[in-house]
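Trainee: Structure here, sequence nowhere to be found:
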């Protein structure tokens, strides 16, 4: 299947986690995703270098440290240890964990700042604007959403200070040209369109790259009242971590690995990685990374995870309930390529029971148990081939190819679906061949042996592919089958499991079925204990646990029954030209497409909308909004601060499904 290639280098990075607190499962997803890609690339024969780490400077950390009564360094030391421990818990195979407080990184940032200043790309001025402390970003009035930070929705405060600025516009045309000439540079395409249309084409403002209102940062060597502002510090980790030196003394490792093959980041920081970072590199005369992939968010059932909403899930908590590989499976499998994924306790239990315990675990256990029952654990290929065998083999080999195709395009969730298609087909094969019936007839023993051999071989292939995504589970399965992981280069052939090999006589239950009621009871008890044991108010607090609204008059059921609710899929979306609030969406509902105008522009970009499954009132009388015809209504929830969240189906539902 794979080309016989030499050990080509492959450099992959995650965004470095901000060391202000414990990362939730949405943050942790990125490290797991990068690990799956890195492991698969190693299996393909690449010499992979996987870097992750922590971003440890800034005003927010300085304030949190003061509130905790410790120095900023003590605070970030503890935070970095916690982040690293979670990455380790989730079995991420990173090669380097960089910290922006590392001495060599700080020294290089100071040299980079001085170099850019000396060549005229950085100049001194004054900044006056609206500042969001958590995001460490300045905004103009027009950039705010409902008077608040457009990125996080929190309060902003007026700020004015002396600062150094980077001349962004100097390199804008060159960056636009690069993006146009390299269509895969920004992925998915929706992210590229957003960056071009919303930022680059309208014109770039110069970027503030130093601060004087706090001290916890890397000092500017020639003006020590200033500390280097977040992005010139944080983004440069991708080159300082592998030995870059702006004076021309970079290490062989840097020369080998750069340009990076893949920067894997969350979609909320795509602007910094596809505009600021490439321009910094252009100014340094360093090649640009080959690709930046802005992955979607992993949302709780009620929206983006936030401590203020009380809906934060942590990796270690989920591992306590489900185990490491089950959590890895869930976050990798449930995340679409370019749309947000949803995580709920109910959905995790469903996946545990249906996919892991039934489709995979039961298949492995039944196959090994039958081999022991009928042949004392000996698996032999008697080559009694029938049409059903040929179909099993064809499906297995075809899904192997699909895994490779999907991973080339970073469609990890689709690749995992293909792996589980091997297990699904194997389960169907058991039903088709009925080994228990064959076992009743001594003359059918050769046929029975062949069936069990084919099952063992199919599982071996699937388990070997699974190693990049669920490494512990892969190892357990292969150990029970008493075989080694199959190399990708050997997966173009069916039948390499050694005939006459003996499987374990004590098959292990890989995943146990769970009772959703018991899980929810444990979750509620855990949450109650957490609330009772903590009176602390998080800095993000501000949302209410509940909202009471004025009750409307009661209606009869017949009134309610007049409304028609269906699931719709947004296939296109654009801003309404004459409105600051409206988006116009083309919504596929069954076989028809309706145009629906919604006042949600402050909460969703057109690019975010495309691909979403939403709940729609479909039988409203058409009406014009800002001169645009609207043929229905998208359902949203609104919190006490006026923030809107589209109502989306908890489970995958087809377009047109009735909401009842």
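Mentor: Yep, that arrived. Quick caveat: nothing in here was measured; it's all calculated off a predicted structure.

Trainee: gap between the two ends of stretch 630-646?
Mentor: 17 Å (C-alpha to C-alpha, to the nearest Å).

Trainee: chain center to it, what's the gap?
Mentor: Relative to its parent chain, stretch 630-646 has a centroid offset of 25 Å by C-alpha atoms, centre = their mean, to the nearest Å.

Trainee: Now do the buried residues in it.
Mentor: 630, 631, 632, 633, 634, 636, 639, 643, 644, 645, 646 (16 or more other C-beta atoms under 10 Å). Heads up, the C-betas are built off the backbone N, CA and C, glycines and all.

Trainee: Could you find the closest non-adjacent residue to residue 478?
Mentor: residue 463 (5.4 Å; C-beta to C-beta, 6 or more residues apart in numbering).

Trainee: Show me what the helix or strand hosting the one you found packs onto, helices and strands only.
Mentor: Of the helices and strands defined by DSSP states H and E, residue 463 is found in helix 445-466. Counting contacts by 3 or more C-beta pairs under 8 Å, 6 or more residues apart in numbering; DSSP states H and E, helix 445-466 is packed against helix 363-375, strand 378-379, helix 387-408, helix 412-433, helix 435-438, helix 471-480.

Trainee: Which positions in that helix come out as buried?
Mentor: Within helix 445-466, the residues that count as buried by 16+ other C-beta under 10 Å are 447-466.

Trainee: quick check: angle from it to helix 412-433?
Mentor: 170 degrees (axes from the mean of the first three to the mean of the last three C-alpha atoms, to 10 degrees).

Trainee: any low-confidence regions in the protein?
Mentor: By pLDDT under 70, the low-scoring segments of the chain are 1-5, 301-311, 530-559, 639-642.

Trainee: ok, and for stretch 75-86, which residues are buried?
Mentor: Here stretch 75-86 shows 75, 76, 77, 79, 80, 82, 83, 84, 86 as buried, counting by 16+ other C-beta under 10 Å.

Trainee: Relative to residue 94, how far out is the fifth one?
Mentor: Here the criterion is C-beta to C-beta, to the nearest Å. By it, residue 80 lies 13 Å from residue 94.

Trainee: do the first one as well
Mentor: Using C-beta to C-beta, residue 75 is found at 23 Å from residue 94.

Trainee: quick one on the thing from earlier: dump the residue contacts of the residue nearest to residue 478.
Mentor: 473, 474, 477, 478, 481, 485 (C-beta atoms under 8 Å, 6 or more residues apart in numbering).

Trainee: Among these, find me the one that's closest to residue 6.
Mentor: Using C-beta to C-beta, residue 485 comes nearest to residue 6 of the contacts of residue 463, at 21.2 Å.

Trainee: Find the nearest non-adjacent residue to the closest one, please.
Mentor: residue 464 is the one closest to residue 485 (C-beta to C-beta, 6+ apart), at 4.7 Å.

Trainee: Next, count neighbours for the closest residue to residue 168 other than its chain neighbours.
Mentor: Nearest in space to residue 168, with sequence neighbours left out and distances taken as C-beta to C-beta, 6+ apart, is residue 204 at 4.2 Å. Neighbour count of residue 204, defined by other C-beta atoms under 10 Å: 18.

Trainee: Residue 204 reaches residue 169, doesn't it?
Mentor: Yes: the criterion here is C-beta atoms under 8 Å, and residue 204 meets it with residue 169 at 5.1 Å.

Trainee: Stretch 561-570: how far from the chain's middle?
Mentor: 30 Å.

Trainee: gap between the two ends of it?
Mentor: Counting by C-alpha to C-alpha, you get 25 Å between the two ends of stretch 561-570.

Trainee: what's it in contact with?
Mentor: Here stretch 561-570 makes contact (C-beta under 8 Å, 6+ apart) with 585-590, 594, 596, 609-619, 632, 634-635, 649, 653-660.

Trainee: Where does residue 568 sit: helix, strand or coil?
Mentor: The three-state label given to residue 568 by DSSP: H, G, I helix; E, B strand; the rest coil is strand.

Trainee: so it bridges to which residues?
Mentor: Beta-bridge partners for residue 568, by DSSP bridges, are residue 614.

Trainee: Contact partners for residue 186?
Mentor: With contact set as C-beta under 8 Å, 6+ apart, residue 186 has these partners: 179, 192, 195, 270, 274, 291, 292, 294.

Trainee: what do you get for residue 46?
Mentor: Residue 46 makes contacts with 7, 8, 9, 10, as judged by C-beta under 8 Å, 6+ apart.

Trainee: change it to 10 Å
Mentor: Neighbouring residues of residue 46 by C-beta atoms under 10 Å, 6 or more residues apart in numbering: 5, 6, 7, 8, 9, 10, 11, 12, 38, 40, 261.

Trainee: next one: stretch 170-183 to chain centre, how far?
Mentor: 27 Å.

Trainee: how about the helices of the stretch 501-650 of the chain, start to end?
Mentor: For the stretch 501-650 of the chain, helices defined by DSSP state H, counting those that start in this stretch occupy the ranges 516-533, 557-561, 606-609.

Trainee: now, of those, which is deepest in the fold?
Mentor: Using mean count of other C-beta atoms under 10 Å, the stretch among those with the largest mean neighbour count is helix 606-609, at a mean of 22.

Trainee: who wins for most neighbours among the contacts of residue 186?
Mentor: residue 274 (27 neighbours).

Trainee: related to what we said a few turns ago, would you reformat the buried residues of stretch 75-86 as TSV and include distance to residue 406 and secondary structure?
Mentor: Listed next are the buried residues of stretch 75-86 as TSV, based on distance: C-beta to C-beta, whole Å; DSSP: H, G, I helix; E, B strand; the rest coil:
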residue	distance to residue 406	secondary structure
75	41	helix
76	38	helix
77	40	helix
79	35	helix
80	34	helix
82	33	helix
83	29	helix
84	30	helix
86	27	helix
